[in-house]
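Asks: Fold the following for me, if possible:
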Amino acid sequence: MINRLQVVLFLVMLFGFLRLSAQESVLIDGFVQSDSIQLQDIHILNLSTRQGTISNLNGKFRITVSVNDTLIFSGIQFHTLGLIIDEKIVEQRLLKIELKPKVEELSEIELKGHDLDGFFYIDTKRMRDSLPLVTDEAVDFSNQGYDDPTSSNYVVPSANLVNLVSMIGKKKRKENKKEANLNEKKRQAPINMRKELGDDVFVQQMGIPKIHIEPFIRYCQKKDIIDLYVQGRLMEVIDILIKEKDNYRRERILNEN
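Replies: Predicted coordinates for the structure are as follows:
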C-alpha cells in the first residue's frame, strides 16, 4: 500500500514538473515556405513577448516561445498567418509554416473623356497644367512654326498629334487607375486587417471584446495604421495596436461599466 502511494505521488510530481517545464520559454527552429518555395524576409512576431525575427535566405528562423504564445507570420505578398504554440511544438522545437500568396484583384475603373474640343491648339493649351511630363516646348507650338487655329495657314501635323494625345491619355489613365486602386485598398484596409489578424488576436491577446474590434481599429487610425497596412508594414500596425489597446480599454470599454 505504501509503495503504491509512493508511486502515485511520484507520478503526480512528475506530471506537474513536465507541465511546468512545458510552460517555460524554449528556442525553436522553423522555416517558412509557399508552394515548396522557401520564403525570405518573412516577419515572425511573438505577440505574447513582443519579440520578433525575420526568415533568412533559406526561409529559416529561430524564435523563443512558450505554450499558448501566439506567433504572427506576415509578408507583403502573402496572407498573414496566426499560430498558437501548443505543447507538441514546444516538445519538438521545430515548426514548419506554409503561407498562401495573395492574389491582387483590381477594381473596375471608369474611364472618362478628357473634355477635348477637337481643336489642337485649344486642347493642348488646356492640358498644359495637368501634364507634368510634357514640357512647355512640347505644347507651345509657336516656336515650331504653327499658327493659331483661326489662321488660314494653320496646319495640324497628324502623326505628332496622335502620338502626343495617345501619350497623354495613357499617362492620365494610369494615374487615375493607380489612385483608384490605392483609395480602394485604404477603404478595405480595416476589414482586411481584421481578417488577416483574426478576431482571436484582438480578443485573447489584446483584451478587446469582439463588438469593439471595429471601433478599436478606427480609434487607432489616428496613428496612420491604414497607410502602414496598405504599404505592407503589418508589424508596425500590430505594434501600434498593442500600444493603444490599454488607452482604448481605459477610455471606451471601462467607461461603459
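Asks: if you go through this structure in chain order, where are the strands?
Replies: Using DSSP state E, the strands of the chain run over residues 26-34, 37-38, 43-46, 51-54, 60-65, 70-75, 78-84, 94-98.
Asks: Against residue 222, how distant is residue 198?
Replies: Distance of residue 198 to residue 222, computed by C-beta to C-beta, to the nearest Å: 23 Å. In short, each C-beta sits where N, CA and C put it, glycine included.
Asks: sorry, back to before: JSON lines please, covering the strands of the chain and showing mean pLDDT.
Replies: JSON lines is the format used below for the strands of the chain (pLDDT from 0 to 100):
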{"stretch": "strand 26-34", "mean pLDDT": "93"}
{"stretch": "strand 37-38", "mean pLDDT": "92"}
{"stretch": "strand 43-46", "mean pLDDT": "89"}
{"stretch": "strand 51-54", "mean pLDDT": "87"}
{"stretch": "strand 60-65", "mean pLDDT": "93"}
{"stretch": "strand 70-75", "mean pLDDT": "89"}
{"stretch": "strand 78-84", "mean pLDDT": "88"}
{"stretch": "strand 94-98", "mean pLDDT": "92"}
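Asks: Please produce TSV containing those strands, extended by distance to residue 178 and mean neighbour count.
Replies: Formatted as TSV, those follow (distance: least, C-beta to C-beta, whole Å; neighbours: other C-beta atoms under 10 Å):
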stretch	distance to residue 178	mean neighbour count
strand 26-34	27	17
strand 37-38	29	13
strand 43-46	26	22
strand 51-54	29	14
strand 60-65	34	17
strand 70-75	22	22
strand 78-84	23	17
strand 94-98	32	15
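Asks: Among those strands, which comes closest to residue 191?
Replies: Ranking those by proximity to residue 191 (C-beta to C-beta) places strand 78-84 first, at 13.7 Å.
Asks: just the angle between the closest one and strand 70-75, please?
Replies: Going by axes from the mean of the first three to the mean of the last three C-alpha atoms, to 10 degrees, strand 78-84 is angled at 170 degrees with respect to strand 70-75.
Asks: Just the CA atoms of strand 78-84, as CSV, please.
Replies: Written as CSV, here are the backbone C-alpha positions of strand 78-84 (Å, rounded to 0.1, in the frame of the first residue of the first chain):
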residue,chain,number,x,y,z
PHE,A,78,1.3,36.6,-48.6
HIS,A,79,-1.7,36.3,-46.4
THR,A,80,-0.9,36.8,-42.7
LEU,A,81,-1.0,33.6,-40.6
GLY,A,82,-1.6,33.4,-36.8
LEU,A,83,-0.5,30.3,-34.9
ILE,A,84,-0.9,29.4,-31.2
